[in-house]
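In: what's the 3D shape of this:
(one chain, ligands or ions: 1)
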Amino acid sequence: MNILDKIIEQKKIEVAERKAKKSIEELKQSEFFGRETLSLKQFLLDEDRTGIIAEFKRKSPSKGMINGTADVVEVTSAYRANGASCLSVLTDEIFFGGSTEDLIKARVNNIPILRKDFIIDEYQIVEAKSMGADVILLIAACLTPEEVKRLAAFAKSLSLEVLLELHDEEELQHICNETEIVGVNNRNLKTFIVDIERSIAMSKKIPADKIKVAESGISSIENINIFKQNGFRGFLIGENFMKEADPSKAFATFVSQLKNQSTRT
Ligand SMILES: O=P(O)(O)OC[C@@H](O)[C@@H](O)c1c[nH]c2ccccc12
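Out: Coordinates of the predicted model:
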């Protein structure tokens, strides 16, 4: 069994337990449920923003512990203050060390928030809304095209946007009318192999009307410039900042370099 299979198996158990603990009706009573969501699409298309979807990730199955001490409010606030277009907050506990709490805390920031988790059930989408998320992730590698369509339509009915994550060509068939933002994960979730060229190779095959996001393994301004030349509007970056003792400072330095470079060219 590969790691993605393991995560999904665990996720099924977790979702069943959470459903038993809290009903959908209870979730809907959250103070965040009625809030007006922010549009990732709009934030990514805003030329005055960096396009960076900055991720808060404490650990991962591929890297183990990345940062055991970072404070979610401090780091996400610095991400926002320094030009992030969106925050990505891991809510998976077992494999990524995230939590519902982390996302709720990050909500102090008035920019879109992506609930980063393995979504397999409508219940998790209601949860996402009740935590204050604006966007959910749907991973093609663990869903059928029909499931993507159904879950994306459901998210839309709650005014949440969807980032559809692809990795290889076979998954292009998961793209549908309901998925307007398409990410290409440079990391294979089954083998952990990272290949930054993956986004570029895949980009040519994604329909032109979709907003493209490059995900994982991004560590340089040069990477971003190449992605931009290939039509990408969003760049999902986690470890490059989180691996530093001070992720806030690492992010600010990265963005100032990015801005310097684009004014020079
Ligand atoms: O830390 P990185 O290499 O910059 O990657 C961030 C993000 O793309 C990665 O965490 C990710 C992409 N897709 C996922 C799906 C589930 C969990 C995590 C992920």
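In: drop to CA atoms for contacts and neighbour counts, all remaining ones
Out: Noted.
In: And for the helix or strand bottoming out on mean pLDDT in the chain, what's in contact with it?
Out: The least trusted helix or strand in the chain, going by mean pLDDT, DSSP states H and E, turns out to be helix 247-264, with a mean of 91. By C-alpha atoms under 8 Å, 6 or more residues apart in numbering, the residues outside helix 247-264 that reach it are 50, 70, 74-76, 78-79, 82-83, 221, 241, 244.
In: Using ChimeraX, define a selection of the buried residues within those residues.
Out: To isolate the buried members of these in ChimeraX, using 16 or more other C-alpha atoms under 10 Å:
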select :50,70,75,76,78,79,82,83,221,241
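In: Tell me which entries of the contacts of helix 247-264 lie within helices.
Out: Of the contacts of helix 247-264, the ones assigned to helices by DSSP state H are 74-76, 78-79, 221, 241.
In: ok, so of the residues you listed, who is nearest the ligand?
Out: Comparing the ones in helices among the contacts of helix 247-264 against the ligand with C-alpha to the nearest ligand atom places Phe241 closest, at 8.0 Å.
In: And the least confident helix or strand of the chain, what's buried?
Out: Buried-residue list, helix 247-264, by 16+ other C-alpha under 10 Å: 247-252, 254-255, 258.
In: One more: stretch 66-74?
Out: Buried residues in stretch 66-74, defined by neighbour count with 16+ other C-alpha under 10 Å: 66-67, 70-73.
In: can those residues go into CSV with extra columns for distance to Gly34?
Out: Formatted as CSV, the buried residues of stretch 66-74 follow (distance: C-alpha to C-alpha, whole Å):
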residue, distance to Gly34
Ile66, 34
Asn67, 33
Ala70, 30
Asp71, 27
Val72, 24
Val73, 22
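In: ok so, going back, now render the ones in helices among the contacts of helix 247-264 as TSV, adding pLDDT and distance to Glu55.
Out: Formatted as TSV, the ones in helices among the contacts of helix 247-264 follow (pLDDT from 0 to 100; distance: C-alpha to C-alpha, whole Å):
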residue	pLDDT	distance to Glu55
Glu74	98	13
Val75	98	10
Thr76	98	8
Ala78	98	12
Tyr79	98	9
Ile221	98	17
Phe241	98	8
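In: Check these and tell me the two furthest apart.
Out: Maximum pairwise distance among those (C-alpha to C-alpha): 23.8 Å, between Glu74 and Ile221.
In: Residues of the stretch 51-200 of the chain that sit close to the ligand?
Out: By C-alpha under 6 Å from any ligand atom, the residues of the stretch 51-200 of the chain that approach the ligand are 117, 185.
In: now the strands: where do they sit in the stretch 51-200 of the chain?
Out: Taking DSSP state E, counting those that start in this stretch as the test, the strands found in the stretch 51-200 of the chain are 52-56, 59-60, 64-65, 86-90, 113-116, 135-139, 161-166, 181-185.
In: export those to TSV and tack on mean pLDDT, distance to Val15 and mean neighbour count?
Out: Output for the strands of the stretch 51-200 of the chain, formatted as TSV (pLDDT from 0 to 100; distance: least, C-alpha to C-alpha, whole Å; neighbours: other C-alpha atoms under 10 Å):
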stretch	mean pLDDT	distance to Val15	mean neighbour count
strand 52-56	99	22	27
strand 59-60	98	20	20
strand 64-65	98	24	13
strand 86-90	99	16	29
strand 113-116	99	15	28
strand 135-139	98	16	25
strand 161-166	98	20	25
strand 181-185	98	24	25
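In: now the ones you listed in JSON lines, with distance to Ser262?
Out: Formatted as JSON lines, the strands of the stretch 51-200 of the chain follow (distance: least, C-alpha to C-alpha, whole Å):
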{"stretch": "strand 52-56", "distance to Ser262": "14"}
{"stretch": "strand 59-60", "distance to Ser262": "32"}
{"stretch": "strand 64-65", "distance to Ser262": "34"}
{"stretch": "strand 86-90", "distance to Ser262": "20"}
{"stretch": "strand 113-116", "distance to Ser262": "26"}
{"stretch": "strand 135-139", "distance to Ser262": "28"}
{"stretch": "strand 161-166", "distance to Ser262": "26"}
{"stretch": "strand 181-185", "distance to Ser262": "23"}
